[in-house]
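[1] Turn this into a model:
(2 chains)
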Amino acid sequence: MSALQEKARELLASAAVQVVIGYGRGSGGAARAVFIREATKAGDLVFDGTCLQNLAVYLMKPEVRKLGKAALVVRPATLRTILQLAAENQIAENSLLALVPSAEEIVLLATFAAIEAHVAALDSDLSTAEKAELQRFTALGLDERRRFWEEQFSRCLKCYACRAACPLCYCTRCTVECNQPQWIPVPAHDLGNLEWNVMRAMHLAGRCVNCGDCSRACPVGIPLYLLNQKLVSDVFTGFNSRSGISARSDNALSTFKPNDPEDFIR
Amino acid sequence: MESEKRSIGREALAELISQWRSAGKRVLAPKRSGDKVDFAWVASLEEISLDHVQTVQSPKAALFPRVEELFSFRSADGRVEVRERDLGALPETVVFGLRPCDAAAFTALKAIFNWDSPDSLFSARLARTTLVAVACSSADEYCFCTSVGGGPGAIAGSDILLTDLGDGDFLAEIVSEKGRLMLQGAEALFRPGAGREKERCLARVEKAFDLEKVDPGLARRFDDDAFWAGQSLRCLGCGACAYVCPTCACFDIQDEGGITGKRLRCWDSCGFGLFTLHTSGHNPRPLQSQRWRQRLMHKFSYMPERQGVLGCVGCGRCSRACPVDMNILEHIRAIAEARP
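    Numbers count the residues shown, from 1 in each chain, chains lettered A, B, ... in the order given. Now for the predicted structure:
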């Protein structure tokens, strides 16, 4: 039994949690989310390089919340999501445990303060490769970028897999579904697709923790991460603010500060 | 079903496609882009992928686009003027390189759109569309056509079925009258196909479950909330499965514009929470597990009962596209194998 399986078994057997949300083996050798509710099933848990999904998305699902207190197998982006959800008052202190798998031992984080301390020791900035790709992209002219996104969004089916996979897209009624008035056209035509994707990116600006699940979920492979990473980068440059590093932070784009430079409006 | 057999070389096939294009037909075919193969409008055989297992999306958009105008309207002086679509102006289309499962799926779509009252727009598109399928020489673990009445070389639903014989030739089986008409004037491109065997060139797809046991299994489980919750707890409730599915045909009606505008038909999915939300606020399917159950019931129980056709052709697209690995084959197998 791996250290992760052993820890999960222990948590369930002692009733410290009612469910362990982790990764199990899925189709074609891939990993899939599993919800372990009995200590005897802890052996189903795996953790390796195929375990990519940000499982914090399930913390917002009523069906999963009903299962009771959860221990969540986390990756770095999952921890940042937990802090961001906490900052947005979506999850309460002591409502979950985070299990950080590593080769040697399983680190168990029980409080937001412990998660904050753990995240502080990680690099939450974009990676060097991400920065390089973003730089190549922003170096393109406006027309070229516009053409690029028009081509990408022309393939969007509006299946909303990006929204469903995103742990921070937790609204029970999304703007695209408000029709009095209709803010975003529902049809998956060029205008509807452009407005939908831009609206979603802007609603995630200053909140997105760059987990990449929207891009991974997209069945037609639209590189949504580029939009998000540009916004992560701009919010940091413009407001010196990074999402998902504190359980008590204010979102850069929804907080009024008298001393904001507001350069864009002068 | 008896079909006429001919054989055609790769170069002659390329010529055939360019003849279709010259005759003003549009050709929808699988095209590789990065690590994905998907249907796209193509100009030549060179652009077409033939060595993939399955495309991301189905070719249903040829008959049922993700957005289409049903009619336009204008209101002036207290009168409303409705302008119908000019069905005669719809383009002649060849869907090329669809798989035998996709061809079978068109039979299911026809049954849905012409169920109670015929859908004139769908039917007009269908009348102008020819299906030139390519048999499967490879399959993957998501494929299960043989469990739902199909096969990697099945001809049902296609107008013409091509099979790559591996020696530079394709066997062409002309299945329908439409397929025969399609090749009129192009006879010189073909050689006789008698005696050419396709079986050894086809993918092997083992039967994965007993279809007879699925409907009773579903009925037995209908009220077993824990069972459906167990299958669907990781489901995120997006529409990826429905939108890549070759038989999913649910749509939503949207009006665009004000007193002058158009009425649009847009893809919709029973996986969405809002799909069944009533104006009153009541939702008969408030839980994702109920929506997942609906998806399976509709395909394996309601469609056979109402339209006399199965709503699943075993293409495996939903499983491949699902962001959280909701593998339909695994779930249907569990239902078929469940003990009474």
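
[2] Let's verify the residue most central in space within chain B: helix, strand, or coil?
    Closest residue to the average C-alpha location of chain B: B:Pro246 at 2.4 Å, with CA atoms, centre = their mean. On the three-state scheme (DSSP: H, G, I helix; E, B strand; the rest coil), B:Pro246 is labelled coil.

[3] mind listing what it touches?
    Contacts for B:Pro246 were tallied using CB atoms under 8 Å, 6 or more residues apart in numbering or on different chains; they are B:58-60, B:101-102, B:105-106, B:108-109, B:313, B:315, B:317. C-beta coordinates here come from the backbone N, C-alpha and C atoms, glycine included.

[4] swap in B:Lys36?
    Contacts for B:Lys36 (CB under 8 Å, 6+ apart) come out as A:220-221, B:56.

[5] ok, so of those residues, who is nearest A:Leu99?
    The closest of the contacts of B:Lys36 to A:Leu99 turns out to be A:Gly221 (CB to CB; 31.2 Å).

[6] Walking through the stretch 151-266 of chain A, point out its helices one by one.
    A:161-165, A:190-204, A:213-217, A:224-239 (DSSP state H, counting those that start in this stretch).

[7] Same question for chain B.
    Assigned by DSSP state H, the helices in chain B fall at B:10-22, B:100-113, B:120-127, B:177-182, B:214-221, B:225-232, B:240-244, B:288-297, B:303-306, B:317-321, B:328-337.

[8] how about the ones you listed, which one is nearest B:Ala156?
    helix B:100-113 (5.8 Å).

[9] avg pLDDT for the closest one?
    The average pLDDT for helix B:100-113 rounds to 97.

[10] what does stretch B:177-184 give?
    94.

[11] Now tell me what touches that stretch from outside.
    Surrounding stretch B:177-184, the residues in contact under the criterion CB under 8 Å, 6+ apart are B:4, B:16, B:94, B:130, B:132, B:158-160, B:174, B:190.

[12] again, only using 10 Å
    Stretch B:177-184 is contacted by residues B:3-4, B:6, B:8, B:16, B:19-20, B:25, B:94, B:127, B:129-132, B:155, B:158-161, B:172-174, B:176, B:189-190 when judged by CB atoms under 10 Å, 6 or more residues apart in numbering or on different chains.

[13] ok, of the residues you listed, which come out buried?
    With burial judged by 16 or more other CB atoms under 10 Å in any protein chain shown, the buried subset of these is B:3, B:6, B:8, B:16, B:20, B:25, B:94, B:129-132, B:155, B:158-161, B:172-174, B:176, B:189-190.

[14] Sitting in strands, which of those residues do you find?
    Among these, the members found in strands (DSSP state E) are B:6, B:8, B:94, B:129-132, B:160-161, B:172-174.

[15] What residue spans form the domains of the chain?
    By default, I'm working from chain A. Per automatic domain parsing, the domain ranges recorded for chain A read A:3-120, A:128-243.

[16] Switch to chain B, please.
    Listed by automatic domain parsing, the domain ranges of chain B are B:4-201, B:211-337.
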